[in-house]
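1. All I have is the shape, not the residue letters:
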């Protein structure tokens, strides 16, 4: 009887790249004509967003936009803001060209220096830090079963996950906002902060249906100007369809929704005095499909000399989607001469995870920005820095478990009391928790009919004294016996030998 081999495709994942790369920010800019002269720079911050990314041969090309925002005190003591957008493209050399690449990218602010070289000119120097991870997801053909020529295979059930679809899309949101209720009318926007949040994502008919919200916070000077600054908050629903062939419905997914630009203008729209929001968002989605594959890890023949070619395959398994909330509380000292808080915001960056003593921990850097009025100074800017450790509970985690975390600031509040204040910051950790496992699998079986197994034809069975910790497969392979028959003849319910015992080994 000829040898018949049944094969099973399994999803394998090979690391291609895991690195960080710096993208320089260098600009020498003039203030627009409508901005007053610079008296004092309050703060300068940079943010980046990926607008496109692709593997092109043995290179990985990332296109993005850096936004630099400068707040300063102008003539007359007014607080002003100016913003600059800098497109960029970063190319990373790869060791080989992946066939089915899957990537993840983070962008954090590195160092940033902003100085006024004149009353109307700013010199800005700094970096964005790109965290890039690329994996090559492909299918490996593994032996699942074999029959004929006395061949026996050792089966193993492997839990694995494959990425069934990935897409990225840029889109615009334009919306008219109602003036803030119970507050003075908006005259001029001093600072605008936008945060996008995904609330639902599912695959339907080859598309990813994404629903979420855009949270907008503004600091503004009123009209007429009363010498004070006010804040207002808005929440807008957003939705988007992304083309995504191959993604099964109800499959778990990783979704990121980032804001690449956000601008609010004041004016008369449709005959009414309103605020108009113009924002540009980038949506990226990655769907996962989990399953079980039966593969062979070893083989032998009861009749001939047989050899199996074995290969170690790295497979990933989705353990779950992280959704961990964390609250940071700190008592802080207020600046000397603190009069009142004008605005407050925070940002989490440099996020990574590590398995330590069986606990998956996310590490991140939290930067809290305070804009406040100080006696004899006017508006002043202060920044607080924190390094956080956030444990993330995971079932089935081991040393090879990893999480590419996204840490977003949900809210930040400051409660002054005398010369101190309690700072409370709510954070959310999200991302796929992946278990990476190395599985030895057979890729080929070769049987040599010219080398039959030799044995004593007068021996009908053998008594073997097995020790605890041995297994039926290894003993059967040694004697050329059928593993199933050894288990049946000895009333064994599993492969492992739990205690010292005598086994009957029949001749195959």
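-> Perfect, I can see it now. Everything numeric here is computed off the predicted structure, so don't read it as measured data. Numbering: from 1, shown residues only.

2. Can you show me the helices along the chain?
-> Secondary structure of the chain, counting by DSSP state H: helices at 472-479, 483-489.

3. Format those as TSV; extra columns: distance to residue 333, mean pLDDT and mean neighbour count.
-> The way it works is simple: take the backbone N, C-alpha and C, and place the C-beta from them, glycine included. Shown next, in TSV, are those (distance: least, Cβ to Cβ, whole Å; pLDDT from 0 to 100; neighbours: other Cβ atoms under 10 Å):
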stretch	distance to residue 333	mean pLDDT	mean neighbour count
helix 472-479	67	94	18
helix 483-489	72	93	16
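
4. Any idea what residue 452 is bridged to?
-> Using DSSP bridges, the bridge partners assigned to residue 452 are residue 304.

5. ok, it - contacts?
-> 303, 304, 305 (Cβ atoms under 8 Å, 6 or more residues apart in numbering).

6. Selection in ChimeraX covering whichever of the residues you listed are buried, please.
-> In ChimeraX, a selection of the buried entries from the contacts of residue 452 looks like this (16 or more other Cβ atoms under 10 Å):
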select :303,304
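
7. Tell me the one of the contacts of residue 452 nearest residue 90?
-> Of all the contacts of residue 452, residue 90 sits closest to residue 305, with 55.0 Å by Cβ to Cβ.

8. can you pull the pLDDT of the closest one?
-> Residue 305 carries a pLDDT value of 93.

9. Show me the strands in the stretch 401-508 of the chain, by range?
-> Ranges of strands in the stretch 401-508 of the chain, per DSSP state E, counting those that start in this stretch, are 401-403, 406-417, 420-452, 461-466, 501-506.

10. Return the list of strands paired to the last one, each annotated with direction.
-> According to DSSP bridges, the neighbouring strands of strand 501-506, each with its direction, are strand 461-466 (antiparallel).

11. Could you figure out how far the partner strand is turned away from helix 472-479?
-> Using axes from the mean of the first three to the mean of the last three Cα atoms, to 10 degrees, the inter-axis angle of strand 461-466 relative to helix 472-479 is 130 degrees.

12. Okay, buried residues for strand 461-466 please.
-> So, applying 16+ other Cβ under 10 Å, buried residues of strand 461-466: 464, 466.

13. contacts for it?
-> So strand 461-466 is contacted by 475, 479, 497, 500, 501, 502, 503, 504, 505, 506, 507 (Cβ under 8 Å, 6+ apart).

14. cool, stretch 414-428 as well?
-> Stretch 414-428 has contacts (Cβ under 8 Å, 6+ apart) with 323-334, 338, 341, 344, 346, 348, 364, 366, 368, 370, 384, 388, 390, 407-413.

15. residues in contact with residue 318?
-> 161, 252, 288, 290, 432, 433, 434, 435 are the contacts of residue 318 under Cβ under 8 Å, 6+ apart.

16. I'd like to know how far the closest residue to residue 413 other than its chain neighbours sits from residue 444.
-> In this structure, residue 413 finds its nearest non-sequential neighbour in residue 424, 4.9 Å apart by Cβ to Cβ, 6 or more residues apart in numbering. Residue 424 sits 61 Å away from residue 444, going by Cβ to Cβ, to the nearest Å.

17. Please apply the same query to residue 434.
-> For residue 434 relative to residue 444 (Cβ to Cβ), the value is 29 Å.

18. Looking at these two, which has the bigger crowd around it?
-> residue 434 (19 against 15; other Cβ atoms under 10 Å).

19. what about stretch 216-236, start to end distance?
-> Criterion Cα to Cα, to the nearest Å; first-to-last residue distance in stretch 216-236 is 8 Å.

20. So which bits of it are buried?
-> 216-222, 229-232, 234, 236.

21. How far away from the center of its chain is it?
-> Averaging C-alpha positions (Cα atoms, centre = their mean, to the nearest Å) puts stretch 216-236 34 Å from its chain's average.

22. now what about it, what contacts it?
-> 78-79, 173, 175, 177, 180, 183-194, 213-215, 262, 264, 266, 277, 279, 342-343, 345, 371, 379.

23. give me that answer again for 6 Å
-> Stretch 216-236 is contacted by residues 175, 177, 180, 183-194, 213-215, 342-343 when judged by Cβ atoms under 6 Å, 6 or more residues apart in numbering.

24. where's residue 11 relative to residue 141, distance?
-> For residue 11, the distance to residue 141 (Cβ to Cβ) stands at 12 Å.

25. Contact partners for residue 440?
-> Applying Cβ under 6 Å, 6+ apart, the residues near residue 440 are 297, 310, 312.

26. So for the first one, what's the pLDDT?
-> On pLDDT, residue 297 comes in at 94.

27. what number of residues lie near it?
-> Applying other Cβ under 10 Å, we find 18 residues neighbouring residue 297.

28. for the last one, same thing?
-> Here the neighbour count serves as a burial measure; for residue 312 (other Cβ under 10 Å) it reads 9.

29. now the second one
-> When neighbours are counted by other Cβ under 10 Å, residue 310 registers 17.

30. can you check residue 398 too?
-> Neighbour count for residue 398, taken as other Cβ under 10 Å: 13.

31. Also residue 39?
-> By the criterion of other Cβ under 10 Å, residue 39 has 16 neighbours.

32. which residues does it contact?
-> Neighbouring residues of residue 39 by Cβ under 6 Å, 6+ apart: residue 73.

33. Can you give me the distance of the residue nearest to residue 411 when sequence neighbours are not counted to residue 353?
-> Closest residue to residue 411 apart from its sequence neighbours, by Cβ to Cβ, 6+ apart: residue 426 at 4.6 Å. Counting by Cβ to Cβ, the gap from residue 426 to residue 353 is 20 Å.

34. again with residue 373
-> For residue 373, the distance to residue 353 - Cβ to Cβ - is 40 Å.

35. hmm, who's touching the lowest-mean-pLDDT helix or strand in the chain?
-> Across the helices and strands of the chain, mean pLDDT, DSSP states H and E gives its lowest value to strand 253-269, namely a mean of 84. Contact partners of strand 253-269, identified using Cβ under 6 Å, 6+ apart, comprise 49, 65, 176, 186, 189, 192, 194, 196, 198, 201, 212, 275-287, 432.

36. Which of these are buried? Put it as a ChimeraX command.
-> Applying 16+ other Cβ under 10 Å to these leaves a buried subset, and the ChimeraX line that selects it is:
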select :49,65,186,189,192,194,196,198,201,212,275,277,279,280,281,282,283,284,285,286,287,432
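
37. For residue 128, give me the pLDDT.
-> For residue 128, the predicted pLDDT is 96.

38. wait, doesn't it sit right on residue 24?
-> No: look at residue 128 against residue 24 with Cβ atoms under 6 Å: they stay out of range, at 8.3 Å.
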